[in-house]
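A.B. asks: this is a predicted model, with the sequence first.
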Amino acid sequence: MRIKLMVWLIVAAWFTAIGPARVKAQSSSSTRSDAGTPPKMDPATLVGVEAISPRGHSYKAVVPDTLDLADRAELSINALIGDVNPKRFYGVYQSFKFNASPPHVEGGEDGLYGLVLEPRNARTLPMLRAMNGSTFGLDVESGMMREWLSEVQNDGQMLYPKNSQNIAGMCYPPRMAMLAFAAYNWYERDQNPEWLKWISLLANGLKKDAIHVDDRAYFPIQSAIDSHGKWHDMADSEKSPTPYHSPDEPSQDQQGVEGTAKNDQTRALSVLVLDHRLNGNKESLELARQLAREILRPALWVHDEGEGYPGSEHAIWEGHVHATVHTLFGLLDLADVDNDQSLREFVREGYMHSIRNGVARMGWFPAWIHPVKFGRPAWLAESDEICGVADMVLLATRLSDEGIGDYWDDVDSIVRNQLSTQQIIDLDLMRKAAGDSSHDKELNKFRGGFGLGGPTNIGENGQTAACCTGNGSQGLYYAWESITRFHDHIATVNLFLNRASAWMDVDSYLPYEGKVVLHNKQAETAMVRIPAWLAGQKILLNVNGRPTSAPKVGTYLLVTNLKPKDTITLTFTVPQTTEKYTIAGTTYTTKFRGSTLIDISPRASGPHSYPLYQRGSLAATKAPMKTKDRYVTDRLIPLGVY
């Protein structure tokens, strides 16, 4: 099968952030108050290298040389910092063509074409530094936050800077919400209560911009608002395959260039819930409910009455996978604050619908469901956008943590397979894809990024993308944080992946060997989840080299009476299986060791192709070992922003 990994989603994301040369204005009742940084909220006194420097400790350890998400996060930091242009409002290049000769950022190193205002990087970096203690690019990170906070006005609007092309001085609500998410993660990093004021201020800006219809509220699709309260269509959406006229209330989810009507509401919804939770703002919560009523409008979901049930009541959807899975986060946030069990069940059904349209064992999910139906190219059903892949990690984690389901096997499969293989980390393969080995400086700058991909390769039109890198690396953090938790002297181990922590270290020899070693530091009890692919198989357990038995509670082994420095070892046989899966009409033969995909066929190729699943070395039956510095942070970033 010839897989086309085109730039369509990249271009669409660029339009969302910057817009075409021609901007259409529409009237709104909103007006903006006096500009200027809010009084007594000076970014310069809040943001600095010292304040954001990682705090923790490192030590040397001999560990299995297997998938280590902390190491992957360090590569992500490299890409997130490398993608920033400090000379131009700390803008982020939406795409980098690593498989072109020469490799290049779209629009040139100093050009404005392709530069976006992207608080996503500032949101994600605190998480990644908690994983490994990296100090790379702290000056850039602090500079970008100072720059973007300085664009927040007294009324809570975040404006695009003066040198940001044709939408300078305008406000795009989803970007404003993303800055609030970044502020929350920075607050959790340094515990400075000033951040709570910024979150409240940005929430006020969102409240100012929302358009109210009956008992609902919404933000126009891919539209920015100017100082006179007029909405501007940033993406020429009237010419999209499913036209949209700003600032009308959308009539279907797939309208506009990206087809993300529901998603343009969801980050604002989550920020408003966050403002209520942190600052007690009841008005924010009421607007969040109004936005949820807009998202849940039957017109924005699939009409499945012919199947015997209304799709709008069971979260049946079509279109943009990342946008819709991400929308479910916001609904879950509201369900939690309102203790709405029916809404939680709706989100769970939406998650399961996503699972049915992908291949969970591979961790693969299409960029679009039924794209041709909505005038989009067919290749969107045979390519994935790593944003959507990472979103599935986040949602599976949230649902599992809240007891709505046990989806840790999904998290494990997604992270071990498509999420990790689609991170661009192999410099030799990048050189081959570029067809030129003389551009290591440019390639290294973006090494660690994420983008679009097919089941077996990133084709000649593929590239790393700013949105995918920010979201893909966030997926790494959610999985890493979930590997082990600690509460009331109990260490829980959910995933057989490597991690160092203050209470217990996890050494995973998978997929080479069926062996997991837990080095206890603080726990009195360990609850160790046994993955589904080991169900019914014999597992040998010993503590400090002595055979031990442990009761099984659900899917967890319960190991008690632990003391500091105890070593818990689990050994088992790793099953090897061959399985067939069909994606967009092509049947793939896959080979697994446990949950790790080690080979797949047929494979796509091409002169500028970056092949995925180059995992021949995983056929060995003895895990390689290495000595490395393991880092343990003094403060984790809680899960909960997107």
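C.D. replies: Thanks, I have the structure now. Source: prediction; values computed, not measured.
A.B. asks: OK, contacts around Q474?
C.D. replies: Q474 sits next to R123, T124, M127, A390, L394, Y642 when contact means CB atoms under 8 Å, 6 or more residues apart in numbering. Every residue, glycine included, has its C-beta placed from N, CA and C.
A.B. asks: run the last query once more with 7 Å
C.D. replies: Residues in contact with Q474, defined by CB atoms under 7 Å, 6 or more residues apart in numbering, are T124, M127, A390.
A.B. asks: just the buried residues from the residues you listed, in PyMOL please.
C.D. replies: Those of the contacts of Q474 that count as buried under 16 or more other CB atoms under 10 Å are selected in PyMOL with:
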select buried, resi 124+127+390
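A.B. asks: give the full set of residues in contact with K521.
C.D. replies: Per CB under 7 Å, 6+ apart, neighbours of K521: A502, W503, M504, P564.
A.B. asks: mind redoing it with 10 Å?
C.D. replies: By CB atoms under 10 Å, 6 or more residues apart in numbering, the residues touching K521 are 486, 491, 500-505, 562, 564-566, 632.
A.B. asks: nearest to T66, of the contacts of Q474?
C.D. replies: A390 (20.8 Å; CB to CB).
A.B. asks: mind putting the contacts of K521 in JSON lines, secondary structure and pLDDT included?
C.D. replies: Compiled in JSON lines, the contacts of K521 are given as follows (DSSP: H, G, I helix; E, B strand; the rest coil; pLDDT from 0 to 100):
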{"residue": "F486", "secondary structure": "strand", "pLDDT": "98"}
{"residue": "A491", "secondary structure": "strand", "pLDDT": "98"}
{"residue": "A500", "secondary structure": "coil", "pLDDT": "98"}
{"residue": "S501", "secondary structure": "coil", "pLDDT": "98"}
{"residue": "A502", "secondary structure": "coil", "pLDDT": "98"}
{"residue": "W503", "secondary structure": "coil", "pLDDT": "98"}
{"residue": "M504", "secondary structure": "strand", "pLDDT": "98"}
{"residue": "D505", "secondary structure": "strand", "pLDDT": "98"}
{"residue": "L562", "secondary structure": "coil", "pLDDT": "98"}
{"residue": "P564", "secondary structure": "coil", "pLDDT": "98"}
{"residue": "K565", "secondary structure": "coil", "pLDDT": "98"}
{"residue": "D566", "secondary structure": "coil", "pLDDT": "98"}
{"residue": "V632", "secondary structure": "strand", "pLDDT": "98"}
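A.B. asks: for the helix or strand E283 falls within, packing partners?
C.D. replies: Taking DSSP states H and E as the definition, E283 sits inside helix 282-295. Helix 282-295 is packed against helix 194-209, strand 211-213, strand 216-218, helix 263-279, helix 321-338, with contacts defined by 3 or more CB pairs under 10 Å, 6 or more residues apart in numbering; DSSP states H and E.
A.B. asks: again, only this time at 6 Å
C.D. replies: Packing partners of helix 282-295 (3 or more CB pairs under 6 Å, 6 or more residues apart in numbering; DSSP states H and E): strand 216-218, helix 263-279.
A.B. asks: quick one: mean pLDDT for the shortest one?
C.D. replies: Throughout strand 216-218, pLDDT has a mean value of 98.
A.B. asks: contacting residues around it?
C.D. replies: Residues outside strand 216-218 that contact it (CB atoms under 6 Å, 6 or more residues apart in numbering): A210, I211, E249, Q265, L287, Q290, L291, R293, E294.
A.B. asks: ranking the helices and strands packed on helix 282-295 by burial, who's on top?
C.D. replies: Highest mean neighbour count of the helices and strands packed on helix 282-295: helix 263-279, a mean of 25 (counted as mean count of other CB atoms under 10 Å).
A.B. asks: before we move on, the earlier item: PyMOL command for the buried members of the contacts of strand 216-218?
C.D. replies: Buried residues among the contacts of strand 216-218 (16+ other CB under 10 Å), as a PyMOL selection:
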select buried, resi 210+211+249+265+287+290+291+294
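A.B. asks: which of the contacts of strand 216-218 sits closest to T587?
C.D. replies: Closest to T587, out of all of the contacts of strand 216-218 and judged by CB to CB, is Q265, at 38.1 Å.
A.B. asks: from S601, how far off is the nearest residue to the closest one once chain neighbours are set aside?
C.D. replies: Once flanking residues are discounted, Q265 sits nearest to L291: 4.7 Å by CB to CB, 6 or more residues apart in numbering. Distance, L291 to S601, using CB to CB, to the nearest Å: 45 Å.
A.B. asks: avg pLDDT for stretch 228-238?
C.D. replies: The model assigns stretch 228-238 a mean pLDDT of 92.
A.B. asks: out of the contacts of Q474, list just those in helices.
C.D. replies: Among the contacts of Q474, the residues falling in helices (DSSP state H) are T124, M127, A390.
A.B. asks: can you lay out the residues you listed as JSON lines showing distance to H519 and pLDDT?
C.D. replies: As requested, those are exported to JSON lines (distance: CB to CB, whole Å; pLDDT from 0 to 100):
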{"residue": "T124", "distance to H519": "29", "pLDDT": "98"}
{"residue": "M127", "distance to H519": "24", "pLDDT": "98"}
{"residue": "A390", "distance to H519": "29", "pLDDT": "98"}
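A.B. asks: could you single out the nearest of these to A465?
C.D. replies: A465 has its nearest neighbour among the ones in helices among the contacts of Q474 in A390, at 12.1 Å by CB to CB.
A.B. asks: pLDDT below threshold where in the stretch 51-200 of the chain?
C.D. replies: 108-113, 165-166 (pLDDT under 70).
A.B. asks: before we move on, what about the stretch 451-600 of the chain?
C.D. replies: For the stretch 451-600 of the chain (pLDDT under 70), the answer is 461.
A.B. asks: in it, mark out all the helices, start to finish.
C.D. replies: With DSSP state H, counting those that start in this stretch, the ranges of helices along the stretch 451-600 of the chain come out as 466-483.
A.B. asks: repeat for the stretch 101-250 of the chain
C.D. replies: Ranges of helices in the stretch 101-250 of the chain, per DSSP H, counting those that start in this stretch, are 120-132, 138-149, 173-190, 194-209.
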